[in-house]
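Enquirer: Pasting a predicted model and its sequence here:
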Number of protein chains: 2
Amino acid sequence: MLTPRKQPRQQRSRETVAAILEAAAQLFQRHGYADTTTNKIAERAGVSIGSLYQYFPNKDALLVALAEHYLIQSTEQIAQVFARAAEDRPPLPDLLTDLVECVATLHTDRPGLHRLLFDQAPRTPDLVTRLRQAERRIAHALAGELRRLRAGGPNPDLNALLAVQGIEAQLHGVLLDLPPDGDAPGHVRAVIRLWQLALSEPCRLQDVR
Amino acid sequence: MLTPRKQPRQQRSRETVAAILEAAAQLFQRHGYADTTTNKIAERAGVSIGSLYQYFPNKDALLVALAEHYLIQSTEQIAQVFARAAEDRPPLPDLLTDLVECVATLHTDRPGLHRLLFDQAPRTPDLVTRLRQAERRIAHALAGELRRLRAGGPNPDLNALLAVQGIEAQLHGVLLDLPPDGDAPGHVRAVIRLWQLALSEPCRLQDVR
DNA sequence: ACCGAAAACTGAGAATAGCTCGCAGTATTG
DNA sequence: CAATACTGCGAGCTATTCTCAGTTTTCGGT
């Protein structure tokens, strides 16, 4: 059980839940997941420990809730990139530039939260499932654009998924885990260039439905 | 403190440490990191809890020790690929095929251990550092081969690192986290093809020292 | 063979963190 | 204005990590 055990119905309780999540986000980021206690979270949120457990069945559930928020936000940002692409119908290099830079911004905007969810947190099966779902949705949108552009090689669906996974891992490694030797923008450009090459191979016509 | 607090000197204690690590690996894989208690590990290893804490300062240290073992083994496997390449001097497609298939084998051979270290485990800064070090060593070897092959684009070092990060993430996603829709070999082939394209761009001569 | 010091081992229990449960206020409904 | 549902409380129960004082084993030196 990782989903809330009870939905807040009144305004008062909605505020309680919001305060708990806010406190959890702050403390998790400041001290790490393992070193943050649920009692401290309740204290900081200004509610009792009992109230916390009314809405979250266990400590992991707090993390899953934060992850859900973050994933929804991120997915929306990326969806906007594809919405613009659907109108402007940009060439492949421009589309990839927009996509990679959007993902890079997600990393650099809130590195603490990103780190929390991807590094510190024990990845419960639940969390992994949600991550993969988000990945697949983004890959699906990308595959559509690849088909439009007659790009992405013989299997645009698979290559789109590989691209999404690769881009995330590369930006994460380069922006969060490497010594800040200064040239983050250069690294981002390298990622863009790399995927322009990898995805520019035309897809065969019979693969376009 | 995550390194052993005491080095075993006698044969007896070396066996104790080995038994503890073996028990930890089994129980972590069977029940997950969080649901495995240090007391159970000691019990299964046939030693007292006190002995365990003589050699491992805390529960995380057990995981770090296992990760170290696994990383060393993996790095050796991959080093062999590059050792063969240094002799045979294969063309880029063959080199990438060998490399990707080697990494794929590491995933599928012991999926439980791989999952443990990459998914379930809380990634302590220590663990992340070791992972990145291993990544960098492999990337360095790959960059050398790219230079020999006049491939890897304008910045073979950076592109080699991006390739290593991308390959790991893609294989992980495709081999461990996606529903086994059967075509794992096909996915591995797709990864190979993709990196052949991405890395085949010639590097400029002035970049070769 | 024997001794003594260092190494190894033991396990009860201290310290601590996650989580429960019964009760007491507060909003909502008819 | 009852009756009912919702919300909040926090002492304390339970389980787990980790310590430490005391015991046993090993091994080099005589």
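Expert: Here it is on my side, so go on.
Enquirer: buried residues in the helix or strand where residue A:137 lies?
Expert: Remark: residue A:137 resides in helix A:125-148, with elements defined by DSSP states H and E. Buried residues in helix A:125-148, counting neighbours by 16 or more other CB atoms under 10 Å in any protein chain shown, are found at A:126-128, A:130-132, A:134-136, A:138-139, A:141-148. For the C-beta atoms, the positions are set from N, CA and C on the backbone; glycine is no exception.
Enquirer: Residues of chain A that sit close to DNA strand D?
Expert: A:6-10, A:12-13, A:15-16, A:47-51, A:53-54 (CB under 7 Å from any atom of the strand).
Enquirer: is it true that residue A:24 touches residue A:66?
Expert: Yes - Residue A:24 lies in contact with residue A:66 (CB atoms under 8 Å); the separation is 6.5 Å.
Enquirer: follow-up on the earlier one: what subset of the residues of chain A next to DNA strand D is buried?
Expert: Burial by neighbour count, judged by 16+ other CB under 10 Å, picks out A:13, A:16, A:47, A:51, A:53, A:54 from these.
Enquirer: could those residues go into CSV alongside pLDDT and secondary structure?
Expert: CSV is the format used below for these (pLDDT from 0 to 100; DSSP: H, G, I helix; E, B strand; the rest coil):
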residue, pLDDT, secondary structure
A:13, 89, helix
A:16, 95, helix
A:47, 96, coil
A:51, 95, helix
A:53, 96, helix
A:54, 94, helix
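Enquirer: roughly how far is the strand or helix carrying residue A:73 from the heart of the chain?
Expert: In the assignment (DSSP H and E), residue A:73 maps to helix A:59-88. How far helix A:59-88 lies from its chain's middle: 6 Å, per CA atoms, centre = their mean, to the nearest Å.
Enquirer: helix or strand right after that helix?
Expert: Past helix A:59-88, the next helix or strand by DSSP H and E is helix A:92-109.
Enquirer: Minimum distance to DNA strand D, which residue of chain A gives it?
Expert: residue A:50 (1.8 Å; CB to the nearest atom of the strand).
Enquirer: quick one on the thing from earlier: of the buried ones among the residues of chain A next to DNA strand D, which ones also sit close to DNA strand C?
Expert: residue A:53.
Enquirer: which of the buried ones among the residues of chain A next to DNA strand D lies closest to DNA strand C?
Expert: residue A:53 (3.7 Å).
Enquirer: The residue nearest the centre of chain A and residue A:110, how far apart?
Expert: Most central in chain A under CA atoms, centre = their mean is residue A:71, positioned 4.5 Å from the mean C-alpha point. As judged by CB to CB, to the nearest Å, residue A:71 and residue A:110 stand 13 Å apart.
Enquirer: tally of neighbours for the closest residue to residue A:33 other than its chain neighbours?
Expert: Of all residues not flanking residue A:33 in the chain, residue A:120 sits nearest, at 4.9 Å (CB to CB, 6 or more residues apart in numbering or on different chains). Residues near residue A:120, counting by other CB atoms under 10 Å in any protein chain shown, number 21.
Enquirer: And the pLDDT at residue A:120?
Expert: Predicted confidence (pLDDT) for residue A:120: 80.
Enquirer: so it sits right up against residue B:123, yeah?
Expert: Yes - counting by CB under 8 Å, residue A:120 touches residue B:123, with 6.4 Å between them.
Enquirer: what residue ranges in chain A score low on pLDDT?
Expert: Residues of chain A meeting the criterion pLDDT under 70: A:1-5, A:179-180, A:204-209.
Enquirer: For it, what lies in contact range of chain B?
Expert: A:33-34, A:119-123, A:128, A:132, A:135, A:153, A:155, A:158-159, A:161-162, A:165-166, A:168-170, A:173-174, A:177-178, A:186-187, A:190-191, A:193-195, A:197-198, A:200-201 (CB under 8 Å from any CB of the partner chain).
Enquirer: just the buried members of those residues?
Expert: Buried among those (16+ other CB under 10 Å): A:33-34, A:119-123, A:128, A:132, A:135, A:153, A:155, A:158-159, A:161-162, A:165-166, A:168-170, A:173-174, A:177, A:187, A:190-191, A:193-195, A:197-198, A:200-201.
Enquirer: How about the helix holding residue A:73 and DNA strand C, touching?
Expert: Yes - Helix A:59-88 is in contact with DNA strand C by CB under 7 Å from any atom of the strand, via residue A:59.
Enquirer: what angle sits between that helix and helix A:92-109?
Expert: Calculated by axes from the mean of the first three to the mean of the last three CA atoms, to 10 degrees, helix A:59-88 forms an angle of 150 degrees with helix A:92-109.
Enquirer: Helix A:59-88: which residues count as buried?
Expert: So, applying 16+ other CB under 10 Å, buried residues of helix A:59-88: A:59-67, A:70-71, A:74-75, A:78, A:81-82, A:85.
Enquirer: Show me what stretch A:192-205 is in contact with.
Expert: Stretch A:192-205 has contacts (CB atoms under 8 Å, 6 or more residues apart in numbering or on different chains) with A:92-93, A:96-97, A:100-101, A:146-147, A:150-156, A:159, A:163, A:166-167, B:153, B:159, B:162, B:194-195, B:197-198, B:200-201.
Enquirer: Brilliant, that's me finished.
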